[in-house]
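Colleague: Based on what follows, work out the 3D shape:
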Amino acid sequence: MLLDGVVLFPIMTREIMQDIDIKNAVKIALSEDLNGQHPDQGDITANLIPATQIITADIITREDCVLAGAAWVTETFAQLNPEIKLHWYAQDGEQLTENQPIVRLSGNARHILTGERTALNFLQTLSGTATQVAKCVQQLAGSHTQLLDTRKTLPGMRLAQKYAVTCGGGKNHRIGLFDAYLIKENHILACGSIQAAVLKAREHNSDLQVEVEVENLPELHQAIAAKADIVMLDNFSVAMLKQAVIVNQGQCKLEVSGNITIDRLKALSDLGVDFISSGALTKDVKAIDLSLRVIETLAS
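Modeller: As a prediction, the model looks like this:
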């Protein structure tokens, strides 16, 4: 997306996400546990509890983390029983500490316990993404380099994980195959050249961002000549990256990708590149350790 010559990546915020995406994701997740049945039939263990039993429970984090995924938790319990009440102690994007309460649940015991694992699965995965992103963003403090995600997301969780990236302070690369061009080696071979591929992209969608992935300095020269908006420097050595910044002279935005680790981020940003993209942010997810604890049981 271009605005007065400035490259803008789309930002996946909760406000622009369609509720239907969350509703469908939760519906599918609950169906996995309930075999497509109503919770009063599908959860045979919860049915050991009196049908009118009321409980109060807290979801807590067992480790430091950045919170992401509140809407998925809310939707889980809304689908099971809209009378379940949720009181959130924290909001998405907040830094939490070990044993900190996140949300209090009050309502039907059966339905709260039925939704426990589904809710925690969403929250632990998305908070895991946000937490890792936040750690990486800290390494870029003081630089103009922005951290980007990729399309290497868990199947069916694309929008959710990209939202979690923004909760951790990162930025979103293209959302899918429809909102920006990313011309890679095979596209170039099929089109005939970098120049031909970029020109064709401009003809098809002149208002969309055009990015070209290059693997060496001669290809960088070609991408600059073709007036790409962004050039992705794929698996460049540090020496090649330094040369690329000199060659480019600010003509295109430069993105570094390939073998990105948290230990390399500071040094890469010091080179003066605009973006660093990493698939590990969303594909190498370490879930946050969360727990639901019943704190009060009322007479049924």
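Colleague: can you give me the strands for the stretch 151-300 of the chain?
Modeller: Remark: strands assigned in the stretch 151-300 of the chain by DSSP state E, counting those that start in this stretch are 181-183, 210-214, 230-234, 253-257, 275-277, 290-298.
Colleague: Relative to residue 68, which of the ones you listed is closest?
Modeller: Of all those, strand 290-298 sits nearest to residue 68, with 11.9 Å by Cβ to Cβ. From N, CA and C alone the C-beta is placed, and that goes for glycine too.
Colleague: chain center to that closest one, what's the gap?
Modeller: From the chain centre to the centre of strand 290-298 is a distance of 29 Å (Cα atoms, centre = their mean, to the nearest Å).
Colleague: buried stuff in that strand?
Modeller: Within strand 290-298, the residues that count as buried by 16 or more other Cβ atoms under 10 Å are 290, 292.
Colleague: likewise stretch 190-206?
Modeller: Residues 191, 194-195, 197-198, 201 are the ones in stretch 190-206 that count as buried (16+ other Cβ under 10 Å).
Colleague: Helices - which of the residues you listed land there?
Modeller: Members of the buried residues of stretch 190-206 lying in helices (criterion: DSSP state H): 191, 194-195, 197-198, 201.
Colleague: ok, back up a step: is it possible to get TSV of the strands of the stretch 151-300 of the chain that adds distance to residue 224 and mean pLDDT?
Modeller: Formatted as TSV, those follow (distance: least, Cβ to Cβ, whole Å; pLDDT from 0 to 100):
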stretch	distance to residue 224	mean pLDDT
strand 181-183	14	97
strand 210-214	9	98
strand 230-234	7	98
strand 253-257	10	98
strand 275-277	16	98
strand 290-298	47	94
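Colleague: Out of those, which gets nearest to residue 95?
Modeller: For residue 95, the closest of the strands of the stretch 151-300 of the chain is strand 290-298, at 15.2 Å, according to Cβ to Cβ.
Colleague: so what does that closest one touch, helix or strand wise?
Modeller: The helices and strands touching strand 290-298, judged by 3 or more Cβ pairs under 8 Å, 6 or more residues apart in numbering; DSSP states H and E, are strand 54-61, helix 109-139.
Colleague: coming back round to it: how about the strands of the stretch 151-300 of the chain in TSV, adding distance to residue 267?
Modeller: Shown next, in TSV, are the strands of the stretch 151-300 of the chain (distance: least, Cβ to Cβ, whole Å):
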stretch	distance to residue 267
strand 181-183	25
strand 210-214	21
strand 230-234	14
strand 253-257	11
strand 275-277	11
strand 290-298	34
